[in-house]
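A.B. asks: no sequence for this one, just the structure:
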């Protein structure tokens, strides 16, 4: 019964999307982190999705293969009174773009919901298939 | 005699198998909606059903033996009768074209996939009801009154 594979496919997608949500959450949490004494601030992270073939032709799940770091330099603000300011009086913030992260969050949440709905539908169809031929 | 009873169910069984294959395919497309370079896939249901049941046109009989499509989990697997898999018994996969270009070359159109999924769900349930109705008919026929 090939429909059971739907749970593997959508399950892998749900887990990948929740990992993406996790990364967005840590990015947003660190949006205002400043560089410590080692002069390196938090770097925004992004998950990379890859298709995973699952047996039959056309059955493809999703997997997070790596979490890449954004290497663009962080925002530098002149604030000599700040305790973390460097010798020139600049404070380096993390390079997280809050707007991009919010968009990413909404997209991940929508994809998550879509896959849950697919699983709910597949489950109800399988339950009806189980009752096939029983007189009601 | 028993064949005559069950032959009527075979066509619906084929249709149900193909519907579940398509459901799985659309679920894969929805799951990969955010994967870069993924190409959405689908197959022509009417053509696949015609191939599976061996019906050439609508005028001919719909009663045909079931051809099960075995799964190739390894590249060297052969199908029934020694034929390579995906040649005849499995539906031909088509690639869906992107309706709007996307930066990551992903061709999944979520609106289209959701519509296809809902459509396929309803038709799967319809096939189930046809089967249930036929079973009820056969039961009535063989029950002593």
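C.D. replies: Right, received. Where do you want to start? Only a predicted model underlies this, so the values are computations on that prediction, with no experimental measurement involved. Residues are numbered from 1 along each chain as shown, chains lettered A, B, ... in the order given.
A.B. asks: okay, residue B:82: pLDDT?
C.D. replies: Residue B:82 is assigned 40 on the pLDDT scale.
A.B. asks: what about residue A:99, which SS state?
C.D. replies: helix (DSSP: H, G, I helix; E, B strand; the rest coil).
A.B. asks: just give me the neighbour total for it.
C.D. replies: Counted with other Cβ atoms under 10 Å in any protein chain shown, residues neighbouring residue A:99 total 7. The way it works is simple: take the backbone N, C-alpha and C, and place the C-beta from them, glycine included.
A.B. asks: ok, and the closest non-adjacent residue to the residue of chain A found nearest chain B?
C.D. replies: Nearest residue of chain A to chain B, counting by Cβ to the nearest Cβ: residue A:13, 3.5 Å away. Spatial nearest neighbour of residue A:13, excluding adjacent residues (Cβ to Cβ, 6 or more residues apart in numbering or on different chains): residue B:31 at 3.5 Å.
A.B. asks: please name the residues that touch the one you found.
C.D. replies: A:9, A:10, A:12, A:13, A:60, A:61, A:62, A:115, A:118 (Cβ atoms under 8 Å, 6 or more residues apart in numbering or on different chains).
A.B. asks: ok, now with 7 Å
C.D. replies: A:9, A:10, A:12, A:13, A:61, A:62, A:115 (Cβ atoms under 7 Å, 6 or more residues apart in numbering or on different chains).
A.B. asks: likewise residue A:47?
C.D. replies: A:19, A:20, A:23, A:64, A:67 are the contacts of residue A:47 under Cβ under 7 Å, 6+ apart.
A.B. asks: what of residue A:52?
C.D. replies: A:12, A:60, A:61, A:62, A:63.
A.B. asks: widest-spaced pair of the residues you listed?
C.D. replies: A:60 and A:63 (10.1 Å; Cβ to Cβ).
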